[in-house]
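> With the sequence up front, the predicted model follows.
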Protein chains: 6
Amino acid sequence: MDRIPWEERPKGSKDVVWRYSQNPIINRDAIPTSNSVFNSAVVPFKDGFAGVFRCDNKAVQMNIFAGFSDDGINWKINDNPINFKAHDKGQVLGDYKYDPRVVFLEDRYWITWCEGHNGPTIGIGYTFDFKEFFQCESAFLPFNRNGVLLPQKIDGKYAMMSRPSDNGHTPFGDIYMSYSPDMKYWGEHRHMMSPTSFKDSAWQCTKIGAGSVPFLTDEGWLMFYHGVINTCNGFRYAMGSTILDTDQPHIVKYRTQPYLLTPSEIYEQVGDVSNVIFPCASLQDLENDKVTIFYGAADTVVAIAFGYISEILNFTKNNSII
Amino acid sequence: MDRIPWEERPKGSKDVVWRYSQNPIINRDAIPTSNSVFNSAVVPFKDGFAGVFRCDNKAVQMNIFAGFSDDGINWKINDNPINFKAHDKGQVLGDYKYDPRVVFLEDRYWITWCEGHNGPTIGIGYTFDFKEFFQCESAFLPFNRNGVLLPQKIDGKYAMMSRPSDNGHTPFGDIYMSYSPDMKYWGEHRHMMSPTSFKDSAWQCTKIGAGSVPFLTDEGWLMFYHGVINTCNGFRYAMGSTILDTDQPHIVKYRTQPYLLTPSEIYEQVGDVSNVIFPCASLQDLENDKVTIFYGAADTVVAIAFGYISEILNFTKNNSII
Amino acid sequence: MDRIPWEERPKGSKDVVWRYSQNPIINRDAIPTSNSVFNSAVVPFKDGFAGVFRCDNKAVQMNIFAGFSDDGINWKINDNPINFKAHDKGQVLGDYKYDPRVVFLEDRYWITWCEGHNGPTIGIGYTFDFKEFFQCESAFLPFNRNGVLLPQKIDGKYAMMSRPSDNGHTPFGDIYMSYSPDMKYWGEHRHMMSPTSFKDSAWQCTKIGAGSVPFLTDEGWLMFYHGVINTCNGFRYAMGSTILDTDQPHIVKYRTQPYLLTPSEIYEQVGDVSNVIFPCASLQDLENDKVTIFYGAADTVVAIAFGYISEILNFTKNNSII
Amino acid sequence: MDRIPWEERPKGSKDVVWRYSQNPIINRDAIPTSNSVFNSAVVPFKDGFAGVFRCDNKAVQMNIFAGFSDDGINWKINDNPINFKAHDKGQVLGDYKYDPRVVFLEDRYWITWCEGHNGPTIGIGYTFDFKEFFQCESAFLPFNRNGVLLPQKIDGKYAMMSRPSDNGHTPFGDIYMSYSPDMKYWGEHRHMMSPTSFKDSAWQCTKIGAGSVPFLTDEGWLMFYHGVINTCNGFRYAMGSTILDTDQPHIVKYRTQPYLLTPSEIYEQVGDVSNVIFPCASLQDLENDKVTIFYGAADTVVAIAFGYISEILNFTKNNSII
Amino acid sequence: MDRIPWEERPKGSKDVVWRYSQNPIINRDAIPTSNSVFNSAVVPFKDGFAGVFRCDNKAVQMNIFAGFSDDGINWKINDNPINFKAHDKGQVLGDYKYDPRVVFLEDRYWITWCEGHNGPTIGIGYTFDFKEFFQCESAFLPFNRNGVLLPQKIDGKYAMMSRPSDNGHTPFGDIYMSYSPDMKYWGEHRHMMSPTSFKDSAWQCTKIGAGSVPFLTDEGWLMFYHGVINTCNGFRYAMGSTILDTDQPHIVKYRTQPYLLTPSEIYEQVGDVSNVIFPCASLQDLENDKVTIFYGAADTVVAIAFGYISEILNFTKNNSII
Amino acid sequence: MDRIPWEERPKGSKDVVWRYSQNPIINRDAIPTSNSVFNSAVVPFKDGFAGVFRCDNKAVQMNIFAGFSDDGINWKINDNPINFKAHDKGQVLGDYKYDPRVVFLEDRYWITWCEGHNGPTIGIGYTFDFKEFFQCESAFLPFNRNGVLLPQKIDGKYAMMSRPSDNGHTPFGDIYMSYSPDMKYWGEHRHMMSPTSFKDSAWQCTKIGAGSVPFLTDEGWLMFYHGVINTCNGFRYAMGSTILDTDQPHIVKYRTQPYLLTPSEIYEQVGDVSNVIFPCASLQDLENDKVTIFYGAADTVVAIAFGYISEILNFTKNNSII
């Protein structure tokens, strides 16, 4: 992909990751029924891009919608949510869907999201064309959030990260990896990483969660994740990066002690939930060393940020808490 | 009343209820001693309007103040709080007063508010002229908030909605109706409506409370109420509408699944308590099908919004969760 | 009544109130379906005694049952719960009933209890014969517990104490008095007493609640009430006494700083809820200066205790925290 | 098995399930290092019985131990905990083990338990001879407890119930069924049952968990489970029964509204954690219609109770809350 | 001291510490006004023993009382609490006093206790004769509990352990050492030990606190301390031992992973607060290698236990978690 | 000092304290590594000013940095945190440092701050030149915050205020004074002031903490402090003033019932923690009756405000809650 959205680093800036000057790229009223559009995922598709978007409606019901873009910045989101067909018979229908991720793997686009099943867990579905969608069995028992698939099979098996949770706002949370031979039955659960101590890296000391779909680099899988601190005025979500071992991706090689982005623009600090940066996807132009990160801001809008992959890799290695 | 504040729907907007372009109409420093002016009630009075305003002073003590306006937008609030005289002897004096509502009923203006009586409960008073005020016995035992009277007797009895609460920030709350033959003794308590489930209408899934004084339409009593969601960064208050049965107003006929207004302007999102829209009154021009809603914003200022009554009735019926 | 249950003070004891040596008098399996029988109320009736008993069944559903006794110690409780007929039409049926009190007033036996109405509140009913029972409108809005009527009208009005609560285990609670002209509409709510400070009287520092029906003495109305301390292993309930003003019974004249009874027998310390003494009734033999107190023990069984009224009055006055 | 432990129903008792008169059968100091022995599982083995026992040591570290008995009542528990060998390479070692269940399935004895893996989840192991034990991959991601396998494959797949939890004392909890083709990867998660409402069956209104290994009857799979109520003095655990559909065991056909056993003997009411009855196993003599239930009491000792299977089935059907 | 209370180890017992067969030695009603007598301290005095006792009165007000004994088992406690005279002028009077410790140091008996000073902190006083008592300045700012002095100056300074706390039941807690040149000003605060992890030693995983006054052995200072686990039914307190460095007593050399005593007798399991063993003092007969430990049981009574010092030292070293 | 930063009161304003029109004076990115710069302290130094600044880095690790300014408005903060040398041997190193205060006393600049020592407590250090810094023993046991020294010895002793806390966000908090003969050992702890009641002054009803270093006036020591209210959306911090007795500064003579400043500018309302005004220092020009207050805003930036000392003294006396 060589046409990802891009804007050069602002003059004078030394930031490893910098924001798009025209953020947010998708506003809360992007479709007629939406209360907010955020925490959404995009992939290259045909000559442009496709995506799956979290649009809460004005009853604040959570659902996911398909959308399309030529340039990755200007998006046309469908007016109606994705209407999944059952892949397996006897499946359980979820109460709600939110926080999707999308990954192309083998022959199709896999979608994972937070699925309501007497509590949140990880839903799985797929599409070949972003028109017809199929829903599979959910991966795990509740309570779980932030399920993110790797874009390749590992040792012949699908690999998915997730964050075991509770049935509320969950004031704790580690990232685990699980494996599956068939995308239906899951096991070989491995603990990957925990929140840090308050003194070592307070922005990620309450809980962490997988963010964007990892992509492969010479150093391993590079992923953007979120970390949370519980302030006296609620949770604050910021973004870091981590490098996972290429062959055993449940092994975390590096992980940033500093954040890469923290809420400091008004659209990140003010909204339905203040002080949230929540990465769900990235687009890579490996040839040109570029990456564009998509993140939800303040649980209200979608924004993007840019960086050079090699710089981010170096930064992650040189500022690693591991 | 045919001179209520009014501004037409903005071009291109499809909102059923829209904000005044000059919001907020009352700022936090509207009187010299005020920290904030919000959650306040207005009624037609003589050739213009009168109101009872919640003005927290700079010690953040809560009290209610009378105010007057010719146009319903520009208000002159008295510098001193209402000095109630006792209607009954042996009454208990409250510790504080907040969140007033006003209704004209029979021969006088009745005021209800949240009265401190070893915890919050519903205070009742009245005035004929907004100069001299009388305080009656409180309606209920603590802990209660959001007492709203109907503007007519029902079957010969006064009818008041309220929201039983606890002694803190109350993470639950249903609306009940109670009846009284004499505005002093209350009974016949009826449950009216509960918070919704998270999946059906999350903006009102934590608690709800009566808002503006209901007014009669062909469909029943139309009332604007608030609903609350408990996010990981605290409570968010939005506004919906409900239609109550004309003769048995404790029966809820319709209730909006979507909100009508949610905090999305900076004066609603940022203030002493962020993300609050709290309706306490409306003015109707029934002849011209218009309604103007008064609401507190961010527990800091007063704002207004407009709508056509028939559209709101249709919206409420067509988007009802009941 | 001169045949109340009685046993003299044990030799060597200096206790103002002492337990029956054969406690508990009613066991948890007193009726075939019962999980527990406790927190129950008795009154003189015909030549003996009648009572209303809280019997939780083996599904731990709470309900109240009539029972009869010749001697006040050996009780025959009906196998089926009381089947109330509606006194008023349009009444709301409660979800559950517990913690009854009974009082003879004017021409009938009034029963009050904790009634489930989207949360606990105070149910009211009456009977003339303990065979046919009628249920009236509930007195208050939820959340409320421990509604206790006075056995005389005060200034022409019924008078009831209660303890405003929350919808859980309620870690706070004061006693209020309310008045009613007709047992249907209630008002004139007066704060009576609060928990004490931890340093002054820790056994009643978390919450308090009205217990037995007060009876008139030369000093005023004498009532046994419960006080609660929140230990690191949960709530502990003990019993004190209070004397209320004869004419204005919402005025508390005296109230014991020490408890009269605290859980120290195994049937009070061990049971469905450990460490609970919960008085709900007393029988008086005024001529002989005797009182017999009925209390629930460990939320499992019924026990009784005895005392001389004059001694209790003196103790209450001489050890008053007021 | 026709020699299960047995004692006839006490004279005069109408209880469907009754306790052994010599309870507890295993005391807290059953092995030299034990603080407590409870929540343990037994199966027929050779000419007698074998079991896996939760013995917390005097550092209150949790581990599981093998034990043997000729009569099912007198047990010899090994002094040292089970030393599992890894079935799969790369497995993660747990921090602790507790609350085992054992089931014979196909050719071996499968053991499931609560395994510490950065929080509790479900460990799986097996043995052929109760001498050599193998540990497999854990079934699920944390946080989970009460994993109970069915003793037959269902539609060619292993079936396991569990109770998703949080990382503390978990004040909620439903039972789910999951399926696996190979005892390694799990999916097809199905919600089975939830806690009841407070008013319908308070003893099981906070959380529930699978208990004994189900066994097949004409009516379906019969299982004893625990239900929990959160009192003001902590959790109380009682025991009910449920009948699951034979072919689709995630479908609950019947479930007792009343409990079968609730803490009412001193060894159930007093101990390391008071008021706990926690069933983990049963032994059946189908020919003679008898079942013996093994349960932990007060988190301190092991006790047993008896019943006739047909009576329990009838009771469950006739007193079902479903 | 060679006449400490003593009873040999029961036949067959292998316990390092064993209980007195006539426990409890002091009942809850030991003095006329007492609700409970527990968590108390004793020292050799003249030809016998003296002590300072926590007696909560029947208002459950906490205070400390002097008492005397010839044999250390049968105690005569004064009817009135200790009446302290001010050592320094301008001192602040506490609201309450509880959990005393006593130590002879230099020329007098020093008493430390939990002193109410807008929250609990450590009070200090002294006596020469257990008749006249002087109160000094409190050692620390609130919130603090379990202040225990060493019986010798360390490097010319007084040394006191304590457990910083919060203003409630404190679900955390480490032991620190502080030093003072003059018993008035304190500093050089050193962290000594923390609760253990749940998996390593659950009985002491929530909080710990200094218990008895340490005494010097060849291995260092031997102290009995309490550890707490937070069960689903509240806190459970057990007792362990620790050996502190002789010259730098804030350095913990050994600390038992297993407990020495856990609540398992009915007087420890049932009482005002169930499941509490709380050591506050020990008497040593160094010549004969004997120690007698005094502990509060169930926050209700005083009990004692015995052991051989050399065995306890060995056990502590051989079972140390450090 | 006659060159403190200054800007006259805005026209039309009647505020006793008013903000600088160019606030904030220090932005969150003031040094390359900083996430935020706030809650910082300044003093006159040589011909200008020096300060100690709380700069959280981008790992959100808290540390304190020296900085310098000619005019008190434009600051140059060092890129690296202060590197303290040990004053005493055997000192314990803290985990983190935040919220510094600075005071010149006798011959040097003393610095106090919140020091991580298994929880927050009060660190002490000093410098003569803001180049070389020495760290002393921490003053108190954890948990403590907001340690503020007086700029003179009182009766020959150092005097420090502090706010005993818990190990989290501390929903309570009073101010105490402690004294020390040598800045190493502390005692004579005196309670100074508590939060107010909700009805009297809600902005300071949850907790309070010492703010700026007091300075001496004819009325006593004038100090700016913070007060906190716990809203349904978290804590809000505002600023008041208090006058302490000159000779016995633990005696509070006056204390403002109204706040002097409350979050109402966007840089105070929006940031890492919204709605925070946190004063840590003031500069006085006594000759010209001027004071400049330095405060952290929204836990993100540094701002200043101005006032006339005599006006503030009068306001504090005339609006005192004491």
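Here it is on my side, so go on.
> which residues of the stretch 1-150 of chain A score low on pLDDT?
A:1-2 (pLDDT under 70).
> how about the residues of it near chain B?
The interface of the stretch 1-150 of chain A toward chain B, taken as C-beta under 8 Å from any C-beta of the partner chain, is made up of A:28, A:32, A:35, A:56-62, A:95-96, A:116. Any C-beta I mention is one placed from the backbone N, CA and C, and that applies to glycine too.
> tally of neighbours for the closest residue to A:D79 other than its chain neighbours?
Spatial nearest neighbour of A:D79, chain neighbours left out: A:I31 (5.6 Å); criterion: C-beta to C-beta, 6 or more residues apart in numbering or on different chains. Using other C-beta atoms under 10 Å in any protein chain shown, the number of residues around A:I31 comes to 19.
> and A:V17, what are its bridge partners?
Residues in a beta bridge with A:V17, per DSSP bridges, are A:G307.
> that older thread, residues contacting the residue nearest to A:D79?
A:I31 makes contact with A:V37, A:C55, A:F65, A:I77, A:N78, A:D79, according to C-beta atoms under 8 Å, 6 or more residues apart in numbering or on different chains.
> Repeat that for A:Y267.
The contact partners of A:Y267, taken as C-beta under 8 Å, 6+ apart, are A:N23, A:P24, A:A297, A:A298, A:T300, A:V301, A:A303.
> pLDDT (mean, whole number) over whichever helix or strand it is part of?
According to DSSP states H and E, A:Y267 maps onto helix A:266-269. Here helix A:266-269 scores 98 as its mean pLDDT.
> cool, stretch A:198-215 as well?
Stretch A:198-215 carries an average pLDDT of 98.
> again with stretch A:168-187
For stretch A:168-187, mean pLDDT rounds to 97.
> Using PDB, write out every CA atom in it.
What follows is stretch A:168-187, C-alpha atoms only, in PDB (Å, rounded to 0.1, in the frame of the first residue of the first chain):
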ATOM      1  CA  GLY A 168     -18.200  -3.200  34.500                       C
ATOM      2  CA  HIS A 169     -15.600  -0.600  33.800                       C
ATOM      3  CA  THR A 170     -12.800  -3.100  34.800                       C
ATOM      4  CA  PRO A 171     -10.100  -1.400  36.900                       C
ATOM      5  CA  PHE A 172      -7.500  -4.000  35.900                       C
ATOM      6  CA  GLY A 173      -6.500  -5.800  32.700                       C
ATOM      7  CA  ASP A 174      -3.600  -7.800  31.100                       C
ATOM      8  CA  ILE A 175      -3.100  -8.800  27.500                       C
ATOM      9  CA  TYR A 176      -3.100 -12.500  26.700                       C
ATOM     10  CA  MET A 177      -2.600 -14.400  23.500                       C
ATOM     11  CA  SER A 178      -4.800 -17.400  22.500                       C
ATOM     12  CA  TYR A 179      -4.400 -19.800  19.600                       C
ATOM     13  CA  SER A 180      -6.900 -21.700  17.400                       C
ATOM     14  CA  PRO A 181      -6.600 -24.300  14.700                       C
ATOM     15  CA  ASP A 182      -9.900 -23.300  13.000                       C
ATOM     16  CA  MET A 183     -11.100 -19.900  14.300                       C
ATOM     17  CA  LYS A 184     -13.700 -21.800  16.300                       C
ATOM     18  CA  TYR A 185     -12.100 -23.500  19.200                       C
ATOM     19  CA  TRP A 186      -9.400 -21.600  21.200                       C
ATOM     20  CA  GLY A 187      -6.800 -22.600  23.700                       C
END
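> what comes up buried for that stretch?
For stretch A:168-187, burial by neighbour count (16 or more other C-beta atoms under 10 Å in any protein chain shown) applies to A:170, A:172-181, A:183-187.
> Same check on stretch A:204-213?
A:Q204, A:C205, A:T206, A:K207, A:I208, A:G209, A:A210, A:G211, A:S212, A:V213.
> likewise stretch A:273-290?
Buried positions in stretch A:273-290, judged by neighbour count with 16+ other C-beta under 10 Å: A:273-285, A:290.
> Can you tell me which of these is nearest E:Q269?
Closest to E:Q269 out of the buried residues of stretch A:273-290 is A:V273 (47.0 Å), distances taken as C-beta to C-beta.
> in chain A, what residue is nearest chain D?
A:Y185 (3.4 Å; C-beta to the nearest C-beta).
> excluding its backbone neighbours, what's nearest that residue?
According to C-beta to C-beta, 6+ apart, the nearest residue to A:Y185 is D:Y185 (3.4 Å).
> ok, now how distant is the one you found from A:H189?
According to C-beta to C-beta, to the nearest Å, D:Y185 stands 10 Å off from A:H189.
> do A:V42 as well
A:V42 sits 29 Å away from A:H189, going by C-beta to C-beta.
> on that earlier part again, can you pull the contacts of the residue nearest to A:Y185?
The neighbours of D:Y185, taking C-beta under 8 Å, 6+ apart as the test, are A:Y179, A:S180, A:P181, A:D182, A:Y185, A:W186, A:G187, A:E188.
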